[in-house]
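Trainee: test case, fold it:
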Amino acid sequence: MSDNKDHLYRIPAHLDKGKSIAGQPLDEIIPALVLFGLLIMKSVVLAFGLAALWIFAMKKLKKGNGSSYLSLLLFWYLPSQMTKTLFKKTPAADKKYWLN
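Mentor: So this is what the prediction gives:
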């Protein structure tokens, strides 16, 4: 056994980060890739521009609010019919007062 036990209590940085593609969080990059894929046949410049605009807008929206900010916005502000399909195991937002 080693006397140096510092490595036993260290949490690696990759465990507290969400999944990502090319260094971007999934909720930013997947819609940008879909947008790019739909628009690539019309114009490459338009596809790149709108995908980059999407990523920039999501970064601006989420800045200082945490990684799950977008999903929380969807949960609280979308109609309950739409949130039932996105959040299957979570009660509807209009039932929030009954959870205590």
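Trainee: only C-alpha atoms for contact and neighbour calcs from this point on.
Mentor: Noted.
Trainee: any idea how far K42 is from the residue positioned nearest the centre of the chain?
Mentor: For the chain, the residue whose C-alpha lies nearest the mean C-alpha position (Cα atoms, centre = their mean) is D27; its distance is 3.3 Å. According to Cα to Cα, to the nearest Å, D27 and K42 sit 24 Å apart.
Trainee: show me where this structure has helices.
Mentor: 26-39, 44-62, 69-77, 80-86 (DSSP state H).
Trainee: which parts of the longest one are buried?
Mentor: Read it as helix 44-62. 47-48, 51-52, 54-55, 58 (16 or more other Cα atoms under 10 Å).
Trainee: repeat for the first one
Mentor: By neighbour count, and taking 16+ other Cα under 10 Å as the criterion, the buried residues in helix 26-39 are 27-30, 32-33, 35-36, 39.
Trainee: could I get the residues you listed as TSV with distance to K89?
Mentor: What follows is those, written out as TSV (distance: Cα to Cα, whole Å):
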residue	distance to K89
D27	20
E28	23
I29	25
I30	23
A32	27
L33	28
L35	29
F36	31
L39	34
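Trainee: list just the nearest of those residues to K88.
Mentor: Nearest to K88 out of these is D27 (Cα to Cα; 18.2 Å).
Trainee: can you list the helices of the chain in a markdown table and add distance to S20?
Mentor: Putting the helices of the chain into a markdown table (distance: least, Cα to Cα, whole Å) gives the following:
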| stretch | distance to S20 |
| --- | --- |
| helix 26-39 | 5 |
| helix 44-62 | 13 |
| helix 69-77 | 15 |
| helix 80-86 | 20 |
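Trainee: reformat these as JSON lines; add mean pLDDT.
Mentor: Shown next, in JSON lines, are those (pLDDT from 0 to 100):
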{"stretch": "helix 26-39", "mean pLDDT": "85"}
{"stretch": "helix 44-62", "mean pLDDT": "88"}
{"stretch": "helix 69-77", "mean pLDDT": "78"}
{"stretch": "helix 80-86", "mean pLDDT": "75"}
